[in-house]
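[1] Let's see this in three dimensions:
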Amino acid sequence: MIRTSRSKCLAGLYVFSLMVAVLMLLRASPASARRLTGKAVKAADSGVACLQDVYGSKKLVCTANDVTIASVDNIRGLDGKPLTSCTPGVDFAFIGDFHVTTTASSRQNIGIYFQTAGGTNALTGTCSDNIIGQLHDCPMTTPGTLQCGSSTYTESDAAPDNCGDTTSAHPEVVTIEVTGVKCQAAAGTTSVALPYCTSWQQPNGAILCESSPPLYPWVSGAIPGTVSKCSCNNGFTVPIAVQSPAVSVSKSCTVPGQTAQTSCTMSDPGGSVTYNVTVTNDQSNFGSVTLKQICDTQYGTIATAAGYAGTCPNGTIANSPTSTTCSLQQAIAFGGNYPCSFTVSQGEDSDVTNIVTAKGVGADGTTPFSQDSNSVEVTVDEAASTATTTKSLAAIKAGCATVRYGVDIHNTGAADESLSLTALTDDQVDITTVTSTILGTTCGVANGAGTLSGTAGAGTLPATIAVGGHYICQFDRQFCSALDASGCISHTDTVTPSLSDDGEGKAVSNTGGSLTVKECFTASAP
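    I've put the predicted structure just below:
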């Protein structure tokens, strides 16, 4: 009996000693926190490790969903001014109001971890580590200007624990300064990606979590109570726009005696044509762009910045520009433009249609853009002369014509049988897009394009045609061929609409759709 009593006494002493050791370990973390001042405090606040890294070797599963971040708003820079955009790939800092909610009655020692280096999650890598702290000066701002933490800070643990808690009846709005954030858009968006994880501990099971004032940085007590006591959202975004560089490009031509326009007629074969190009930075969501290269479909490389790796396709016409004012590279501020021109000798080409392409990068120096201009047509209209007569009699073997076709699809069906027009199919070429042969169109588009720019489009497809109604459009088609024995060229073009009825499965009868155009060349008397 005496030995038994002694065993119980020793066992009690062992348990008491173990509890003392545990308490000493639990207080080690806040002691370290109290020693963090100056740069050390700021380093701890911005963090270098993510949730799994600070938790240890035991793998987190984060299956609970007790504490989450519903949203973030009131985004501003470290100067306190609203911050709405960033430059792709460039690190930046911001301050935001994060709305922290819980579905549980009470959770303690909330930890908040943000992935800042462009990673896909906040479990590993580089993170900004935070707690719900009392109101204090944001670490990287001028003292007394901006406050971080929570104005409704709640603490349910005994002092000196000061890592903020939350309840379902008392959600928190926590102002957090996040530094070193990589400006990178989340997949499928133009908003900055900021994957996060939250962690917490259960009531009555929380370890001591003491963060030192005045900056209340993250401390190691703000970790999950178990491997499941955390929640992660890898798709979380901040309403800060990542620049998406894009430009618009316009082109016109100028020949002697005419003002700049998109279609020019030369009376002097072999004369000079000046092409005017304007690149405008009005399609980006913000930020400057840098113009690196201008290419032309007919004349190849017009200008290229030194060191730029991009190349232009070879032009269809071997002639190189005789002169140019295009000098690259050129930085174009958001809303600004860069105009330049180049001059070529058209030679004996009777008809030239060409497009320029502007290439460059956004404000980050790497995100590329490439944009085509409208097409420009330059034709030769030679006056009656000996040369013209000679060509008509001896040298005209082929010719080209530009024809403006009209398309009218008329619903001649019975009452209440509206038709759905889903496509317009040409037997040879797509008539809904400007190409080297389709010079302009109003078919299948909201606004006229190419040579029909400024003309209202017939409307995008699919389109509904009421009974007795029409779908009417036009397109400019260029065709070339050898002359027949009569000195003419001809071309047959067939347009077939794809039509369906009002859903009853009835066949749609369609008549017409083909047109033959004949263009004849005659000689002029000397």
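[2] if you skip the residues just before and after it, what's nearest to residue 175?
    The shortest distance from residue 175 to any non-neighbouring residue, by CB to CB, 6 or more residues apart in numbering, is to residue 148 (4.8 Å). Where you see a C-beta, it was placed from the backbone N, CA and C, and this is true even at glycine.
[3] Could you look up the SS state of the closest residue to residue 119 other than its chain neighbours?
    Using CB to CB, 6+ apart and skipping residues adjacent in sequence, the residue nearest residue 119 is residue 125, 4.0 Å away. Here residue 125 is recorded as coil under DSSP: H, G, I helix; E, B strand; the rest coil.
[4] and what of residue 434?
    Under three-state DSSP, the three-state class of residue 434 is coil.
[5] Make sure it is actually in contact with residue 447.
    No. Applying CB atoms under 8 Å as the test, residue 434 and residue 447 come out as separate, 11.8 Å apart.
[6] circling back: hang on, isn't the residue nearest to residue 175 packed against residue 179?
    No. Using CB under 8 Å, residue 148 is not in contact with residue 179, being 11.7 Å away.
[7] neighbour count winner among the two?
    Higher neighbour count among residue 148 and residue 179: residue 148, with 23 against 20, using other CB atoms under 10 Å.
[8] for the more buried one, phi and psi?
    Backbone torsions of residue 148, given as degrees, to the nearest 10, read phi -110, psi 170.
[9] State the distance from the residue nearest to residue 175 to residue 69.
    In this view, residue 148 and residue 69 are 15 Å apart by CB to CB, to the nearest Å.
[10] Just give me how far the helix or strand containing residue 495 sits from the chain centre.
    Under the criterion of DSSP states H and E, residue 495 resides in strand 488-500. Relative to its chain's centre, strand 488-500 lies at 39 Å (CA atoms, centre = their mean, to the nearest Å).
[11] Equivalent analysis for stretch 472-487, please.
    Mean-position distance between stretch 472-487 and its chain equals 41 Å (CA atoms, centre = their mean).
[12] swap in stretch 436-455?
    27 Å.
[13] same question for that stretch, mean pLDDT?
    For stretch 436-455, mean pLDDT rounds to 93.
[14] got it, and stretch 407-414?
    84.
[15] same deal with stretch 180-191?
    93.
[16] quick one: the helices in the stretch 351-500 of the chain?
    386-390 (DSSP state H, counting those that start in this stretch).
[17] low-scoring stretches of it, by residue?
    382-395, 414-415 (pLDDT under 70).
[18] Need the residue closest to the centroid of this structure.
    Nearest residue to the geometric centre of the chain (CA atoms, centre = their mean): residue 244, 4.5 Å.
[19] Excluding chain neighbours, what is closest to it?
    Closest to residue 244 by CB to CB, 6+ apart is residue 285, at 5.2 Å.
[20] Looking at the nearest residue to residue 137 once chain neighbours are set aside now. What's its pLDDT?
    Counting by CB to CB, 6+ apart, residue 137 lies nearest to residue 143, which is 5.0 Å off, once chain neighbours are set aside. At residue 143, the model reports a pLDDT of 94.
[21] so residue 143 sits right up against residue 215, yeah?
    No. Counting by CB under 8 Å, residue 143 does not reach residue 215; the two are 10.6 Å apart.
[22] Overlap in contacts, these two.
    Common contact partners of residue 143 and residue 215 (CB atoms under 8 Å, 6 or more residues apart in numbering): residue 137.
[23] still on that earlier bit, does the residue nearest to residue 119 touch residue 115 like I think?
    Yes. With contacts counted by CB under 8 Å, residue 125 reaches residue 115, the gap being 6.0 Å.
[24] who has more neighbours, those two?
    Between residue 125 and residue 115, residue 115 has the larger neighbour count (other CB under 10 Å), namely 27 against 18.
[25] What's opposite that one in the beta bridge?
    residue 127 (DSSP bridges).
[26] I'd like the distance between it and residue 276.
    48 Å.
[27] Show me how the record splits the chain into domains.
    Per the record, the chain has its domains at 36-242, 248-380, 386-520, by automatic domain parsing.
[28] how about low-confidence regions in the stretch 1-150 of the chain?
    1-47.
[29] can you give me the helices in it?
    Using DSSP H, counting those that start in this stretch, the helices found in the stretch 1-150 of the chain span residues 2-34, 38-46, 51-55.
[30] With only the CA atoms kept, save the shortest one in PDB.
    Spelled out, that is helix 51-55. Extracted C-alpha coordinates of helix 51-55, given in PDB (Å, rounded to 0.1, in the frame of the first residue of the first chain):
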ATOM      1  CA  LEU A  51       0.800  28.800 -43.800                       C
ATOM      2  CA  GLN A  52       2.200  25.300 -44.300                       C
ATOM      3  CA  ASP A  53       5.700  26.600 -43.900                       C
ATOM      4  CA  VAL A  54       5.000  28.200 -40.500                       C
ATOM      5  CA  TYR A  55       2.900  25.300 -39.300                       C
END
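[31] what's it packed up against?
    strand 196-201 (3 or more CB pairs under 8 Å, 6 or more residues apart in numbering; DSSP states H and E).
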